[in-house]
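Colleague: after the sequence you'll find the predicted model.
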Amino acid sequence: MKQKNKTTVQEFILLAFVDLHQLQVLLFLFFLLTYVTCILGNLSIIVVVKIGRSLHNPMYFFICVFSILEIFFVSVTVPKLLVILIAHRNTISFNGCFTQMYVFNSLGVTECYLLLVMVLDRYLAINNPLQYPTIMTHTVCIGLAIFPWVFGFSIVLIPAIITAQLEFCGPNVIDHFFCDLAPLQNLACSDAFISSISTSAAAVIDVVLPFLSILGLYFSIITTVTKIKSKDGKHKAFSTCTSHLIVAGFFYGAAIIVYVKPKGSHYDKYLAFMYTAFTPTINPFIYTFRNRDVKKVFRNLLKRVITPMEN
C-alpha cells in the first residue's frame, strides 16, 4: 500500500509578533512578567489551599487542580515565545510542532471541562446543600478532577492525527506564536477539508457543549441565589459565581471565536493570547485572592513567615 503522507517539511517557522518588530524587547519583558506572575500566582493558590485546613473542601480542591492545569497550559506556549522574542530562534521541528499542538489543545479541552466540573460543584452546593456532602465524596471529587484530563487528551487525538496525515511539501511559515490546528491546516499541500471539519466538530464537543452547559447551570444557580434571604449568603454565592463567570467568559469567548471557525486568520494569535497567557495570569486574582477565606489563610501564612524574620 502506497504511503499517503509525503511530508518534506522538516521544520516550521513561527512568525510570532514579527509585525511588531520594534517592540520585541518590550514584548519579551511583558510576556516574561506575565509568565512569572502566572506561575507564582497559581503556585501560591496551591500552597495556600494545601496549608489552610478551612480550604480543604471540594471547591478549593478543584481550584487547586485548575491552578496546576494553568501552570502546564501557559508553559506549553510562552517559553518558546520568549525564546523567539529575545533570541530570534523562531524555528520548531516538525515533530516538536505537532507535539506542541497536541498537548496545547488537549490541555485546552481539559480546561473547558474542568471549568464545567467547577460550576457543577457550585450548582450542587447551592441547589442541593443538604445532599452535597454525601454526593461530593473524596472519590467523586478525584473522579471529576481526572475526567477532564482523560477526555481532553483522548478526543484531541482525532483532529491531531488527521492533520498530521496531511502533506506538507513547501510552505512552512506559521503566522502564530505557537503551533495550532488551523495554521497547520492552512499550510497543507493536500486537501485539509476533512481535517478542518474534524476540528470544527471537535470544537463543538470540546468548547461549545461545556460552555452551553455552564450557562444552563448558572441560570439555575442564579435562580436559586435570588431566593436566598440572607444577605451574606446571597453575597457569598454571587461573589463565587461572578468570579467563575468572568474567567469562563474570557476563556470560552476567545476559544469559540478561534476554533469554531477553523480557517485561521492573522488576528487569531492576538485572540489566542487571551486564553493562553492573560486568563491563566489573572485567574488567581479573580478566583481566590478576592475570596475572604483565602485572604484570611494567606494573611496567616504571611504572618508565620514574617514573624520569625522579625525576631
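Modeller: Here it is on my side, so go on. Numbers count the residues shown, from 1 in each chain.
Colleague: give me the next element, helix or strand, following whichever strand or helix holds I221.
Modeller: Element membership for I221 (DSSP states H and E) is helix 209-225. The helix or strand immediately downstream of helix 209-225 is helix 231-259, counting by DSSP H and E.
Colleague: thinking again about what came up before, could I have the helix holding I221 exported to PDB, CA atoms only?
Modeller: Extracted as PDB, the C-alpha positions of helix 209-225 are listed here (Å, rounded to 0.1, in the frame of the first residue of the first chain):
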ATOM      1  CA  LEU A 209     -21.100  22.000  24.600                       C
ATOM      2  CA  PRO A 210     -19.400  22.600  28.000                       C
ATOM      3  CA  PHE A 211     -20.000  26.400  27.600                       C
ATOM      4  CA  LEU A 212     -23.700  25.900  27.000                       C
ATOM      5  CA  SER A 213     -23.900  23.500  29.900                       C
ATOM      6  CA  ILE A 214     -22.200  26.100  32.100                       C
ATOM      7  CA  LEU A 215     -24.700  28.800  31.100                       C
ATOM      8  CA  GLY A 216     -27.600  26.400  31.900                       C
ATOM      9  CA  LEU A 217     -26.100  25.600  35.300                       C
ATOM     10  CA  TYR A 218     -25.600  29.200  36.100                       C
ATOM     11  CA  PHE A 219     -29.100  30.100  35.100                       C
ATOM     12  CA  SER A 220     -30.300  27.500  37.700                       C
ATOM     13  CA  ILE A 221     -27.800  28.800  40.300                       C
ATOM     14  CA  ILE A 222     -28.800  32.400  39.900                       C
ATOM     15  CA  THR A 223     -32.500  31.500  40.200                       C
ATOM     16  CA  THR A 224     -31.700  29.700  43.500                       C
ATOM     17  CA  VAL A 225     -29.500  32.500  44.800                       C
END
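Colleague: any idea of the mean pLDDT for that helix?
Modeller: Average pLDDT, helix 209-225: 91.
Colleague: try stretch 153-172
Modeller: Mean per-residue pLDDT for stretch 153-172: 92.
Colleague: report the buried residues of stretch 216-230.
Modeller: Buried residues in stretch 216-230, defined by neighbour count with 16 or more other CB atoms under 10 Å: 217-218, 221, 225. Backbone N, C-alpha and C define where each C-beta goes, glycine included.
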